[in-house]
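> Starting from these lines, generate the structure:
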Amino acid sequence: MKPDTATRIGHDHHTAEPGEQGERARVKGFDAPRENLGDLDVDTAAVLVAAAADLALVVDRDGRVVDVAVGIDPPTVESPDRWRGQRLADTVAPDSREKVARMLAEADAAPARWRQINHPGSGGADLPMQYCAYATREGGPIVVIGRDLQGVAALQQRLIETQQSLEQDYWRRRQVETRYRLLFQVASEAVVIVDARNQRVLEANPSAEALFDVPAGELVGRTLRDCFDERSHEAVEAVLSTLRVSGAVDKEKVRIARSTHTAMLSGSLLNQAGTLLYLLRLSPEDGMPALPRATPGRNDLAGVLEQGPDAVVVTDGEGRIRSANRAFLELAELASEEQARGETLERWLGRTNVDVKVLLGNLRQYGSIRHFATRLRGEYGGEADVEISAVAAREGESPSFGLVIRDVGRRHIASEPAGSGSTPRSIEQLTELVGRVPLKEVIRESSDVIERLCIEAALELTGDNRASAAEMLGLSRQSLYVKLRRHGLMHSDSEDR
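Purely as a prediction, here's the structure:
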């Protein structure tokens, strides 16, 4: 290796080209290699290369490996010494051969660039390496320096597994909380949760609110002394004192404030994240007061659904419309409900004919579904992004489905920055397409997302200088202009810079 080899390594960082996942910034070299390393001989340079790299290769201009140096024991890849005489492209996974060819072709160009290249593993999984190649002299052999990415890959896998575990734990906690909330709300016994420090009510179920004769939500924040008659303050304090000592207490008779009701008070002591809580239960001696009725009658409910802002549709088990409200007729651009009755949802709903099948299939299997994103097409060509929540109900032998369809087009417009198109901007949005859009369309959509994000990032980094952005992305200026127009990023009033 010549002493001035390091001068060929550039000082600027460069964004990876689209489609080459795993590429890193270009190598940054010494500022004065000739002055500081001018006396470096070939043997010393070879030792430094072998020590600095996990795997170092010398490749001739035909792409064949002529020498190998291994810097780690055991080596990540299997038997690299056997690569001598083989083409480097034949030692890598099929999807990395194009990267190898491009890396060797650019070995004479400065600055050098790191690329992630995979080797086939004995267990079937690819072994990731990061390579950088540069020529020792014009027309001479090429030195390829490799870094082991197994540790990074293992950390990424552990991160994914940890995220999945956290996701599962989160949903388990949500399910437990939902069950607790349901039991808390429907319990016929009055239940109150009180902060032990200040004796203020933190939570109360509907039965407790009915017992204390207060509107919904107004019991929270009150002190226990305000909830009971003065004659019962001593009994309540005795219950709390016993709870602090033993954690449980026998029932004690108390009187409700501003009421003739009496109840038997009992409770338990809870320790939640270092905070002591009283869980108090009250059993009325003279019968439980009737719970307030907040549910409207059937006619009122039907009127609310008919006049509501969200589209509501009821279908049979095959997806044929039985009834629809005014909001649905407006979205579907229909004049009357008779035009929709008896028609299938597929006539208006779905990006493809798969959407409705997936929707109905999930309803048959699970009984309900939420936040199902799709599109609704009107009779005269209008379209709207919609979100569906639906439930299945059984009437006799045949099921029926109720769907609430919400137009979310305005939400997307408000949340996206100016100039952004209809391209999904996150992995979550792309994965939501699975099952509703053919795989090749999902892949094409994903490629468009990545390409657009890379172009926008390059334009932002270069201050909207298209010539510099094209160079940063490894594209010709004409190719960049084509992609700008395709993604709607070309503005007619912008200047060519």
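> What is the longest strand of this structure by residue count?
For the chain, the longest strand by residue count, based on DSSP state E, is strand 383-395.
> mean confidence for that strand?
Averaging pLDDT along strand 383-395 gives 84.
> Repeat that for stretch 361-368.
Mean pLDDT, computed over stretch 361-368, is 82.
> Same check on stretch 178-188?
78.
> Other residues contacting it?
191, 203, 205-207, 288 (CB atoms under 8 Å, 6 or more residues apart in numbering). Yep, even glycine has a C-beta here, placed from its N, CA and C like the rest.
> Output it as PDB, nothing but the C-alphas.
In PDB, the C-alpha atoms belonging to stretch 178-188 read as follows (Å, rounded to 0.1, in the frame of the first residue of the first chain):
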ATOM      1  CA  THR A 178     -60.600  -2.800  30.600                       C
ATOM      2  CA  ARG A 179     -61.800  -5.700  32.700                       C
ATOM      3  CA  TYR A 180     -61.200  -3.800  35.900                       C
ATOM      4  CA  ARG A 181     -63.100  -0.700  34.500                       C
ATOM      5  CA  LEU A 182     -66.000  -2.800  33.400                       C
ATOM      6  CA  LEU A 183     -66.300  -4.600  36.800                       C
ATOM      7  CA  PHE A 184     -65.900  -1.200  38.600                       C
ATOM      8  CA  GLN A 185     -68.700   0.400  36.500                       C
ATOM      9  CA  VAL A 186     -71.200  -2.400  36.600                       C
ATOM     10  CA  ALA A 187     -70.800  -3.400  40.300                       C
ATOM     11  CA  SER A 188     -74.000  -3.100  42.200                       C
END
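> Below-threshold pLDDT in the stretch 51-200 of the chain: ranges please.
73-76, 110-111, 123-124 (pLDDT under 70).
> Show me the helices in it, by range?
Using DSSP state H, counting those that start in this stretch, the helices of the stretch 51-200 of the chain run over 97-105, 150-186.
> Just tell me which of these ends up closest to Asp448.
Among the helices of the stretch 51-200 of the chain, helix 97-105 comes nearest to Asp448, with 21.0 Å by CB to CB.
> Is Leu282 within a helix or a strand, and which one?
strand 275-284 (DSSP states H and E).
> What pairs with that strand, parallel or antiparallel?
Strand pairing for strand 275-284, determined by DSSP bridges: strand 190-195 (antiparallel), strand 262-272 (antiparallel).
> now, the most widely separated pair of the contacts of stretch 178-188?
Farthest-apart pair in these is Glu203 and Met288; separation 18.9 Å (CB to CB).
> For Thr260, the count of nearby residues, please.
Look at Thr260: counted by other CB atoms under 10 Å, it has 8 neighbours.
> Please tell me how far it sits from Ser232.
Separation of Thr260 from Ser232 (CB to CB, to the nearest Å) stands at 13 Å.
> Partner strands of the longest strand of the chain and their direction?
When DSSP bridges is applied, strand 383-395 pairs with strand 368-377 (antiparallel), strand 398-407 (antiparallel).
> okay, those strands, which one's buried deepest?
Mean neighbour count (mean count of other CB atoms under 10 Å) peaks for strand 398-407 among the strands paired with strand 383-395, with a mean of 19.
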